[in-house]
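Colleague: Attaching a predicted model along with its sequence, questions to come.
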Amino acid sequence: MENIKEKIDELRKTLRYHSDRYYLDDAPEIEDYEYDMMMRELKALEEAHPEFDDPDSPTKRVGGRADNSFESVAHTVRMESLQDAFSKQEIFDFDKRVNETVGKTAYVVEPKIDGLSVSLEYVNGVFSRGSTRGDGDVGEDVSGNLRVIRNIPMKLTKPIPFIEVRGEVYMPKKSFNRVVDRQLINGEKPFKNPRNAAAGSLRQKDSIVTASRGLDIFVFNVQQIEGYELSSHKQSLDFLKELGFNTIPFYNRVNSIEEAFNCVEQIGEQRGELEFDIDGAVIKVDDFSEREQLGSTAKFPKWAVAFKYPPEEKQTELIDIEIAVGRTGVLTPTAVLNPVHLAGTTVSRATLHNQDFINEKGVNIGDVVTVRKAGDIIPEVLCVSEKRAEGNFVFPDTCPSCGEAVFREEGEAAIRCINPECPAQLLRNLIHFCSRDAMDIEGLGPSIIETFVDNGLISKTSDIYHLDKNEIAKLEGFKETSANNIINSVEKSKENDLGKLIFALGIRHIGAKAAKLLADEFKSMDAVMRASVDDILNIEGFGKIMAEAVVEFFSGESAHQLVSELEAAGVNMNSKTVIKDNRFEGMTFVLTGTLEKYKRSEASKIIESFGGKTSSSVSKKTSYVLSGEASGSKLDKANALGVAVIGEAEFEEMIK
């Protein structure tokens, strides 16, 4: 009995962990199917052993807890979860339970969109508030971000006194691919799947970011309504269409459970061809009065069931492994497969992640492998089903794009090329080089850089300083004025401080602050390039990993070549920091909130000109926290640690 209790506790702990990863962090670590199977196992154990009941068990929760990043919203009508089914027999068992209560009935079958469930409220036909599901009872107010989703009407076609509807915010596959491409260009960790991307986008603090992500919505339920009477689900969906909502696609009303399951199978056959992600199909009792008779359990309604499609797996031969260099320098292996039909599409390539994954699975060219689509989107190799080749595939020692040696840092799974001029990384490196915290070349944003690369105006970083305004003006969409502005901005960047140039080079682990510290310590690019690990470790705030990254970067011939070309083009190679006096020597300031007379960057320069340093985080070593309007957690931490907090007036007294 003790073993059963331990098993239940372990399942609850594991499910809570993965629920938080899914609902709060938008970063799931396991597939939905694996989560569903654990949930099912826990439910069976709890039913068999009621003596171990726990009211806070994951089986009794609707979804995730509400994130405290947004204002809470208490749902008047509970946003319930759905009972899952994984076989035809379970669907027929559901029908039997329904028939025992209300007799033979009609059903509506619709796809189950894999996104983030939201509530939309309208007063007199005008959008008033939108919120996430949260735990079903309390969600988050995300009205501002919902307003930027084009398919959410701000005004309905009829001035209904009040209506609350439920829908699923999702990211179309095209939008998902575009967002992931941009994340890779920017060196960011890409979203795992469209659901993860939709949830992360809807929780953005800046609605402009949300608007840029291309989110969409399908509305599938009327939660409550005043001024109109609706008697069935099919009628309500048709009515929602009339009001201007983008309703759930291809919903069908059927008269038997056999017809309903046929619809479920048809939806399953189409799912690989859809422009949006689904994780199942839903069967709902159509008649609202019958729904009232059936009622709900503590977690889900008894009048609906969600059939979850199991991940489809196939076996095929692995005929080659290709190594691609990503825009962040990471070498990524891709399995080239004998084509196999999987989840609605033909799959001939699948991700192998990294060398550790290959070693763990024992993969080599010639083996027969089992493949599936993670989240029905990304093909991946699950395991070797028949070992035909000896040993495991091993990564090359040199970059397949530029031929330079590749590196793997301790504690990292990724093997990467750090050559700043590697052709495979060119676009990402150029975007970083021109960005605001780096060389700050106004007018050279990501899309324009991409245009210049595509048209052969830039093939390496130093080409930026040899751009010709006449060649730019010839490109479609450019005129002489815009070409002149770009050239002027490029010329202006030559005078930047050395710290901005060091950051622009894109050295691993070296942010803008660390780059500035290097410039201030060594004064010239030549001295930075000659510095040893021990020399760099003498700088306060530098650890071994950062110091080794700098030395490793400048150990390559390509880095020296790039610096030489930039110097020949007239780019400044020396620190411009002027120390007025050393009144702040040995002091560290943290800036928080909005200052009235200074931008944060201006205040930082003043502190540095008096020999002080600035930091982004508060610790016991912090000398002062300079606090402005709307200061947040940094001020709270300073008070908790007993760090001195000063305002703008006190700061001005200190710098007189």
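Modeller: Alright, I've got the coordinates.
Colleague: buried stuff in stretch 480-492?
Modeller: By neighbour count on 16 or more other C-beta atoms under 10 Å, the buried set for stretch 480-492 is 482-483, 486, 489-490. C-beta coordinates here come from the backbone N, C-alpha and C atoms, glycine included.
Colleague: Repeat that for stretch 199-213.
Modeller: Using 16+ other C-beta under 10 Å as the test for burial, stretch 199-213 gives 199-204, 210-213.
Colleague: now what about it, what contacts it?
Modeller: Outside stretch 199-213, the residues within contact range by C-beta atoms under 8 Å, 6 or more residues apart in numbering are 23, 26, 67, 69-70, 115-116, 118, 132, 140, 142, 144-149, 169, 171, 175, 179, 191, 197-198, 215.
Colleague: Name the residue closest to the centre of this structure, please.
Modeller: Centroid-nearest residue in the chain, with C-alpha atoms, centre = their mean: residue 191, separated by 3.8 Å.
Colleague: Could you report the neighbour count for residue 250?
Modeller: By other C-beta atoms under 10 Å, 12 other residues sit near residue 250.
Colleague: ok, now the one 4 residues further on?
Modeller: The number of residues packed around residue 254, counting by other C-beta under 10 Å, is 17.
Colleague: Go ahead and confirm it touches residue 266.
Modeller: No - counting by C-beta atoms under 8 Å, residue 254 stays clear of residue 266, with 11.3 Å between them.
Colleague: picking that back up, and the pLDDT for the residue nearest to the centre of the chain?
Modeller: Looking at residue 191, its pLDDT reads 81.
Colleague: That one: what secondary structure?
Modeller: Three-state call for residue 191 (DSSP: H, G, I helix; E, B strand; the rest coil): coil.
Colleague: Got the phi and psi for residue 309?
Modeller: phi -70, psi 130 (degrees, to the nearest 10).
Colleague: just use 694 as the starting number from now, easier for me
Modeller: Renumbered: residue one is now 694, and that last one reads residue 1002.
Colleague: tally of neighbours for the residue lying closest to it once chain neighbours are set aside?
Modeller: In this structure, residue 1002 finds its nearest non-sequential neighbour in residue 961, 5.3 Å apart by C-beta to C-beta, 6 or more residues apart in numbering. A count of nearby residues for residue 961, using other C-beta under 10 Å, gives 19.
Colleague: following the strand or helix carrying residue 1013, which helix or strand comes up?
Modeller: According to DSSP states H and E, residue 1013 maps onto strand 1006-1018. The element immediately downstream of strand 1006-1018 (helix or strand, assigned by DSSP H and E) is strand 1024-1035.
Colleague: thinking again about what came up before, which among the buried residues of stretch 892-906 gets closest to residue 1156?
Modeller: Residue 1156 has its nearest neighbour among the buried residues of stretch 892-906 in residue 905, at 28.6 Å by C-beta to C-beta.
Colleague: Can you tell me how far residue 771 is from residue 1235?
Modeller: 53 Å (C-beta to C-beta, to the nearest Å).
Colleague: Residue 1337 too?
Modeller: 25 Å.
Colleague: Comparing these two, which residue is more hemmed in?
Modeller: Between residue 1337 and residue 1235, counted using other C-beta under 10 Å, the more crowded position is residue 1235 (20 against 10).
Colleague: got the phi/psi numbers for the more buried one?
Modeller: For residue 1235, the backbone dihedrals are phi -100, psi 130 (criterion: degrees, to the nearest 10).
Colleague: gap between it and residue 1215?
Modeller: 12 Å.
Colleague: Same check on residue 1027?
Modeller: Counting by C-beta to C-beta - residue 1027 and residue 1215 are separated by 41 Å.
Colleague: Compare the two and say which is more crowded by neighbours.
Modeller: More crowded of residue 1027 and residue 1215, by other C-beta under 10 Å: residue 1215, with 21 against 17.
Colleague: so that one touches residue 1221, yeah?
Modeller: Yes - between residue 1215 and residue 1221 there is a contact at 4.7 Å, judged by C-beta under 8 Å.
Colleague: Run a quick neighbour tally on residue 1313.
Modeller: So residue 1313, with other C-beta under 10 Å, has 7 neighbours.
Colleague: Surely it touches residue 1334?
Modeller: Yes - in terms of C-beta under 8 Å, residue 1313 counts as a neighbour of residue 1334; the distance is 5.7 Å.
Colleague: got the phi/psi numbers for residue 730?
Modeller: Dihedral angles (degrees, to the nearest 10) for residue 730: phi -70, psi -40.
Colleague: Run through the stretch 844-993 of the chain and note the low-pLDDT ranges.
Modeller: 877-881 (pLDDT under 70).
Colleague: what do you get if the cut-off is 80, keeping everything else the same?
Modeller: For the stretch 844-993 of the chain, applying pLDDT under 80 flags the ranges 874-883, 885, 898-901, 965, 991.
Colleague: Likewise for the stretch 1094-1243 of the chain?
Modeller: 1102-1104, 1233-1234.
Colleague: Now do the strands in it.
Modeller: All strands of the stretch 1094-1243 of the chain, identified by DSSP state E, counting those that start in this stretch, fall at 1099-1100, 1109-1110.
Colleague: what's the most buried one of these?
Modeller: Across those, averaging neighbours per residue (mean count of other C-beta atoms under 10 Å) puts strand 1109-1110 on top, at a mean of 24.
Colleague: what comes into contact with it?
Modeller: Strand 1109-1110 has contacts (C-beta under 8 Å, 6+ apart) with 1018, 1021-1024, 1092, 1094-1095, 1097, 1099-1101, 1117-1118.
Colleague: Same check on stretch 1321-1337?
Modeller: 1283-1289, 1310-1313, 1315-1318, 1320, 1338, 1340-1341.
Colleague: Quick one: buried ones out of those residues?
Modeller: Among the contacts of stretch 1321-1337, the ones that count as buried by 16+ other C-beta under 10 Å are 1283-1286, 1288, 1311, 1315-1318, 1320, 1338, 1341.
Colleague: Tell me which residues of stretch 1042-1059 come out buried.
Modeller: Under the neighbour-count criterion of 16+ other C-beta under 10 Å, stretch 1042-1059 has 1043-1048, 1051, 1054, 1056-1057 buried.
Colleague: can you give me the mean pLDDT across it?
Modeller: Mean pLDDT, stretch 1042-1059: 93.
Colleague: Surely residue 974 and residue 954 touch.
Modeller: No - the pair residue 974 / residue 954 is not scored as a contact, 9.3 Å apart, by C-beta under 8 Å.
Colleague: Between those two, which is the more surrounded one?
Modeller: With neighbours defined as other C-beta under 10 Å, residue 974 and residue 954 compare such that residue 974 has more, 25 against 20.
Colleague: list the helices and strands the host helix or strand of the more buried one packs on?
Modeller: Using DSSP H and E, residue 974 maps to strand 971-978. On a contact count with 3 or more C-beta pairs under 8 Å, 6 or more residues apart in numbering; DSSP states H and E, strand 971-978 meets helix 781-795, strand 800-806, helix 950-963, strand 997-1001.
Colleague: Who are the packing partners of the helix or strand following that strand?
Modeller: Going down the chain from strand 971-978, the next helix or strand is helix 981-987, by DSSP H and E. Packed against helix 981-987 by the contact rule (3+ C-beta pairs under 8 Å, 6+ apart) you find helix 781-795.
Colleague: can you map out the helices along the stretch 844-993 of the chain?
Modeller: For the stretch 844-993 of the chain, the helices defined by DSSP state H, counting those that start in this stretch occupy 866-878, 887-895, 900-905, 926-936, 950-963, 981-987.
Colleague: Fine by me, we can end here.
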